[in-house]
Every structure is written in structure tokens, then in C-alpha cells.
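Trainee: sequence first, predicted model second:
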Amino acid sequence: MNFEWFFSQKTIWEDCRKNKTLRTIVIITQTTIIFSLIIAILTFSIGFGFKEIIKDKLLNVRGQIFFAEREFKKKGFLLFYKKKKFFQSNLVKQIHGIAENDVIISTNKKTDRYIFKGLYEDYNPVFFQYFFFRKNFFKKNFLYNHNIFLSKKISLSLGLNIGSNVKIGFLSFDKKGNPVIISKKFKIYGLYETGIPEFDDVYIIGNIESIQKIYGWKKDLVEKFEIFVSYENVKKKIFNKIPKEFSIKTIQNSRDIIKWINIFDVNIIIIILIIFTSVTINTVVFILMLLLERIRTIGILKTLGAKNKVIHKIFLYYIIQVLTPSLIIGNSIGIILSTIQKKFHLISLNKMQYFIDFVPISINISHIIIINLSIIFICFITVFFPSLFFINKIYPIKVIEFE
């Protein structure tokens, strides 16, 4: 059997049993490591959970770039495909032709003004997957000419629900510039909720063909183009790379989302630094206390011929004895809590503030491994240098004289 391991195993717990002060220090050190692991795992899980939700969900509410109406309304959809140089690059995820029109809806409960957003059926499927309550509409003609989708908020304010019929007035202008309302009846086919007030308060989703028919447009004519880009390309400021010949509009909340994600990164770093600092301080206190308690033992071992390397190894094994149960307990609790929240969503949030009604969790094994390796590294470094310096300065004759 390895002498250093055997000696450390036999003495550390015996000393804790006899020495109340040392026992307290060991308990505090183990508790600090356990809570540090739990907090670190939860911090990474929640932080990256939010980042994934933001990137995968909120960047799909609507595109990040819109080409304005005046660029395309007269020339139609085909003009778009002549401009391939930019759009065929890997900067763009999806491009969709759309039309938006101001409309008025009047019911017994309320009369208000909204925006009718006309889409083709191939419009970003992630949008329907994440935000729509009715999941059985993934079939042909779900955006049939007379079907529309209201936000949950609009449906409640108007007193309408799935299956209700509603008359929508489209705002237009005659040749003299006078406002004209063109009415058309629709059926509410489903409800959606994005959690973004700027969208949920005003948008009604329908077929672009409704607008095309009302205004006499050809089927290939769209009012504008909506472009979706990845989070990474939003960060690259793709907006600045679009040719100047295009008239564009960018969605400000895309930039806000990037800032929000950056805040999570900063918060994760700050919390991890605090955790690592706490672990470092407690480990240093533990090893210094242990060294002071072990001065006589070090002197005896040196008198018996033990080299500094052997004694130093014993102290490294001391920290392993303390660290191992702490890592097992801390990892177990952290992973269990993360898994419970991921599965049951026990901790809820205000959806209007966070765009999601529960705390999201992303459990990544590589993150957990990195956290554990970092704590192990910190513990060994904080043990290595103090013990190495302290042990080298102890001489048997001085210990005997002191005793």
C-alpha cells in the first residue's frame, strides 16, 4: 500500500475527531466546496439555459432585417432573386416575403387597431413551433385564406377564441388620399404568445393571399422581405454589411437580445469568480491550520528520514480526503436540482419581464467537468505552494527544541 495515502487516511479523520478546531475547519471547507459546486452548476445551467432560449426562441419571433416596401412593391418578388450576391452568403438563415397592413377589429368588448401580418405557408416553422398553442395545424393549408391567428392577449381583450368568426377592416386610401376600410370575414384558427409585448399587443397572423386579393396584387408580389440571421451573425453586425442600394429596416430588439446575452455572460463570470475566491480562501485556511497542527508530525517524519517530497505528498492526499466526498455530494445535489427544474419547471418567472414563464435549464456535461476540474485545480494549487514552502522550512532539531 502507498505509505503517503495510508498515513493521510489514518491521521486526518483521527485528528478531526480529537481536535475540535480542526474538525470545524474541515467541515467549513467541505461545506464551502459543496455549496460552491451546487451554485456553479446551477449558474452555468441557468445562464446557458437562458442563452439557448434567447437564441433559439426570441430570435425567431421575427426577422432581424426588413427590406422596406418602396424597394419591392412595384417590382415584385422576382426582383429579390436577382440580388443573390449578398443573400446567398452564409450570413443569412432564412428569407421570407411578407405583407403588413393596418387593420381595425370591432367586437362587443372592444374596438382597436392592429397589424395584419400576411405570410406564406413556408414561413419560419420555428416561429409556429415555439409560440403557438394549437400544435395540430402543421398540415397543408393551415394558413388558408380565411384562417388567422391572434395572440392570447388580443383574443382576451376582444373576447374571441379559437373557432370564432371576426370581421377585419383593412385600412387603405383612395386615389384622392382619403382613408377607406375594406372589410373581410376571418376564422380564428389558433392562438400564439411570444411574451414580447411589442409583438403580442398588435400582430394578427394570416395568409399573405388575403392582402394580395384585397389590394389586387399579383401572387408573387410582396410588400417587404423579412430576413432571419443567426445569433453569431447578429453579433458580427450583419446590418452594416448590407449593400447601400437596399432600403432596410432593422429590428432593435435583436440588438437588445445580444446585450441581454452579454449580461448573462458577465453574471456567470462574476459568480464563478466569487465562488473560486471563496474556495481558495477556505482551502488556504484549512491547509495552514493543518500544517500548524502537524508541525510535530512533520518533525518526527523528517527525523525518521522522510524526505520533503514524501511529506508534501501526504498533505496533497489530505486535501483529496476532504475534497472527494465534497465533490460527490456537490455534484449530486447540483445535477439533481437542475434536472428537477428542467423537467418540472418548479421555479416560475414573470413572462412579461423575462419572455419565458419558467427558469430555463441547460445541463451540459462538459460545463460540469470544467467546473470540477477548476475547483480541483484551485484546491491543489492552494495546497501545493503553502505546504511546499512550510515543509521545507521545518527542521527536526527546531521542532524538538520547541517541544
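Mentor: Yep, it's here.

Trainee: in the stretch 151-300 of the chain, which spans are helices?
Mentor: Shown for the stretch 151-300 of the chain, the helices assigned by DSSP state H, counting those that start in this stretch span residues 152-158, 197-200, 208-215, 231-235, 252-293, 295-303.

Trainee: for stretch 114-131, measure first residue to last.
Mentor: 19 Å (CA to CA, to the nearest Å).

Trainee: in it, what's buried?
Mentor: 114, 116-120, 123-124, 126-128, 130-131 (16 or more other CB atoms under 10 Å). For the C-beta atoms, the positions are set from N, CA and C on the backbone; glycine is no exception.

Trainee: circling back to that earlier point, export the helices of the stretch 151-300 of the chain as a markdown table, with columns for mean pLDDT, mean neighbour count and distance to Gln321.
Mentor: Below are the helices of the stretch 151-300 of the chain laid out as a markdown table (pLDDT from 0 to 100; neighbours: other CB atoms under 10 Å; distance: least, CB to CB, whole Å):
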| stretch | mean pLDDT | mean neighbour count | distance to Gln321 |
| --- | --- | --- | --- |
| helix 152-158 | 94 | 18 | 57 |
| helix 197-200 | 89 | 16 | 56 |
| helix 208-215 | 88 | 20 | 69 |
| helix 231-235 | 65 | 16 | 45 |
| helix 252-293 | 82 | 16 | 11 |
| helix 295-303 | 77 | 17 | 15 |
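
Trainee: Ser362: which of those is closest?
Mentor: helix 252-293 (11.4 Å; CB to CB).

Trainee: taking the buried residues of stretch 114-131 together, which two end up most distant?
Mentor: Tyr114 and Val126 (23.2 Å).

Trainee: may I have the beta-bridge partners of the residue nearest to Phe132 when sequence neighbours are not counted?
Mentor: Leaving aside its chain neighbours, Phe132 sits nearest to Tyr192 (4.7 Å; criterion: CB to CB, 6 or more residues apart in numbering). Under DSSP bridges, the beta-bridge partners of Tyr192 are Phe132, Ser151.

Trainee: for this protein, which segments count as strands?
Mentor: Under the criterion DSSP state E, the chain carries strands at the ranges 65-67, 92-106, 111-119, 147-151, 165-173, 179-192, 203-207, 224-229, 248-250.

Trainee: how about these, which one is nearest Leu290?
Mentor: Of all those, strand 224-229 comes closest under CB to CB, at 56.0 Å.

Trainee: what helices or strands is the closest one leaning on?
Mentor: Under the contact criterion of 3 or more CB pairs under 8 Å, 6 or more residues apart in numbering; DSSP states H and E, strand 224-229 touches strand 65-67, helix 69-72, strand 92-106.

Trainee: tell me which of the buried residues of stretch 114-131 is nearest to Gln30?
Mentor: Tyr130 (42.9 Å).

Trainee: from what I see, the closest one and Leu59 are in contact.
Mentor: No: in this structure, Tyr130 is not within contact of Leu59 by CB atoms under 8 Å, at 10.6 Å.

Trainee: find the residue closest to Asn282 in space, skipping its chain neighbours.
Mentor: Thr32 (4.3 Å).

Trainee: wait, Leu59 sits on Ile227?
Mentor: No: judged on CB under 8 Å, Leu59 makes no contact with Ile227 at a distance of 11.8 Å.

Trainee: circling back: and for the residue nearest to Phe132, the neighbour number?
Mentor: As a burial measure, Tyr192 scores 24 neighbours (other CB atoms under 10 Å).

Trainee: pull up the per-residue confidence for it.
Mentor: What the model reports for Tyr192 is a pLDDT of 93.

Trainee: which residues are in contact with it?
Mentor: 131-133, 149-152, 200, 205 (CB atoms under 8 Å, 6 or more residues apart in numbering).

Trainee: go with 10 Å
Mentor: Tyr192 makes contacts with 61, 127-128, 130-134, 149-155, 199-200, 203-205, as judged by CB atoms under 10 Å, 6 or more residues apart in numbering.

Trainee: any idea how far Phe127 is from it?
Mentor: 9 Å (CB to CB, to the nearest Å).

Trainee: between these two, which contacts overlap?
Mentor: 61, 205.

Trainee: no further queries at this time; thank you.
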